[in-house]
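Visitor: pasting a predicted model and its sequence here:
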Amino acid sequence: MAATSGPETSSSEVQFVYPYPDPPTELAGVALFQEVFWPRPGPELARTREGFSVVVPRPPVDRMEYLFELRHQDGSRQLVCDPGNPRRAPSPFGDKSVLEFPEYRAPDWSRVAALPRGDSVDLEVACPGLNLSMHVRIWSPSGVTADRRLPLLLAFDGLEYDLYSQLTQFLDHQVNRGELPPFRAALLHPVRRDQDYSASPEFARVLSEEVIPQLEQLIPVRTGPSGRVAMGASLGAVAALHLQWERPGAVGGLLLQSGSFFNHHYFSQELPFDPVERICMFTERIHQAVAAAAPVPAALTCGVVEVTLLASTAMTSSLGRLRYPAELHRLCDAHNWVAWRDAFDPHLKDLLLRVFG
């Protein structure tokens, strides 16, 4: 095995080690907490002279994020990063340790900040239909005049996309280099995420009748579906597809990453029952449909070890049957923000070029 900073790896195995703390404290056990193989969480680490250790088969990914679950004698449990591995990946739920295999290469644009940076303005958009307001951050590329009318990218969970996936850094890089034409992005921040992003007809109506029209009044954007693309990950992918399906003409292209396209064949109990059932009913309407009102280009991405892969595969097939130009791109990663970031080029880039021209 080749020694690395953290787990030791070979072409076929990975060894994870959690050292005994200094000063030593009694632990009832330690388990690996990860999302690349079953069981999740698991497996259990065995006691050794130096600490706790386990050897597992090399997973079919280029990188993996993980934690250790510590079980204390009083029955309490604690998730911690690997003290022997300085690599971290931030997320809304806290940092995770990261193991990068030799095949992994972070995109060049992610390592060097793009200059010049675009301009960002925060807005509160009234949503009377939801009795609340939505926080939206508008990104515009550097060097465009404030009154120039440009296409618009709608990013569900947009603030998180920017914080954890470097979305606007990618957009800056691509527009500055001339790889993409100038456009604007609206980074949408959810208020009631599980409720609104789970195929909610009320939320789709508010987006199309209240949010998008207000954005068209507040900022100079190109109107019509050829001027809008929507993107989202996990539940955000459901919300993006649901908007386009329920409101034909709302957007002219879709990036759907690790979509939670649950149905009664690929069911999940990860969310409260009502949202999951509503998602199942929505996705099964698509699977059973014989025609679609306004098919648009759709790029789907999903990690090869994700529980949503079967559902994403089925959704891609159904969208293709309904004349959506839809393709599924399998990623050597799992359900996380870095995986979604690494898919921006080429999949988001190609989609924006196709729709915005």
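Guide: That came in fine, so what should we check first? All figures in this text were calculated on a predicted structure; none of them were measured in a lab.

Visitor: chain neighbours aside, what residue packs nearest to residue 137?
Guide: Take residue 137 and drop its neighbours on the chain: the residue closest to it by Cβ to Cβ, 6 or more residues apart in numbering is residue 187, 4.2 Å away. For every residue, glycine as well, the C-beta is placed using N, CA and C.

Visitor: how close does the one you found get to residue 116?
Guide: Noted for residue 187: a distance of 19 Å to residue 116, by Cβ to Cβ, to the nearest Å.

Visitor: who has more neighbours out of these two?
Guide: residue 187 (24 against 10; other Cβ atoms under 10 Å).

Visitor: quick one, what contacts the more buried one?
Guide: 136-139, 155, 158-159, 161-162, 167-168 (Cβ atoms under 8 Å, 6 or more residues apart in numbering).

Visitor: hmm, who's touching stretch 285-292?
Guide: 245, 263, 314-315, 318-319, 322-324.

Visitor: min pLDDT across those, which one?
Guide: The member of the contacts of stretch 285-292 with the lowest pLDDT is residue 263, at 84.

Visitor: look up how far residue 351 lies from it.
Guide: Taking Cβ to Cβ, one finds residue 263 at 25 Å from residue 351.

Visitor: which residue sits closest to residue 53, ignoring its sequence neighbours?
Guide: residue 17 (4.8 Å).

Visitor: let's verify the one you found: helix, strand, or coil?
Guide: strand (DSSP: H, G, I helix; E, B strand; the rest coil).

Visitor: in the longest helix belonging to the chain, which residues are buried?
Guide: Criterion DSSP state H: the longest helix present in the chain is helix 273-288. Within helix 273-288, the residues scored as buried using 16 or more other Cβ atoms under 10 Å are 275-280, 282-284, 286-287.

Visitor: what do you get for stretch 26-38?
Guide: 27, 30-37.

Visitor: what would those look like in JSON lines with secondary structure?
Guide: JSON lines is the format used below for those (three-state DSSP):
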{"residue": "27", "secondary structure": "strand"}
{"residue": "30", "secondary structure": "strand"}
{"residue": "31", "secondary structure": "strand"}
{"residue": "32", "secondary structure": "strand"}
{"residue": "33", "secondary structure": "strand"}
{"residue": "34", "secondary structure": "strand"}
{"residue": "35", "secondary structure": "coil"}
{"residue": "36", "secondary structure": "coil"}
{"residue": "37", "secondary structure": "coil"}
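
Visitor: can you tell me which of those comes closest to residue 256?
Guide: residue 35 (19.2 Å; Cβ to Cβ).

Visitor: which secondary structure element of the chain has the lowest mean pLDDT?
Guide: helix 273-288 (a mean of 90; mean pLDDT, DSSP states H and E).

Visitor: centre of the chain to that helix, how far?
Guide: Mean-position distance between helix 273-288 and its chain equals 20 Å (Cα atoms, centre = their mean, to the nearest Å).

Visitor: following that helix, which helix or strand comes up?
Guide: strand 298-303 (DSSP states H and E).

Visitor: could you list the domains of this protein?
Guide: 8-100, 116-356 (automatic domain parsing).

Visitor: what's across from the spatially most central residue of the chain in the sheet?
Guide: Centrality entry for the chain: nearest residue to the mean C-alpha point is residue 233, 3.5 Å, by Cα atoms, centre = their mean. Beta bridges link residue 233 to residue 257 when assigned by DSSP bridges.

Visitor: thinking again about what came up before, of all the buried residues of stretch 26-38, which comes closest to residue 125?
Guide: Nearest member of these to residue 125, counting by Cβ to Cβ, is residue 35, at 33.9 Å.

Visitor: thanks a lot, see you next time.
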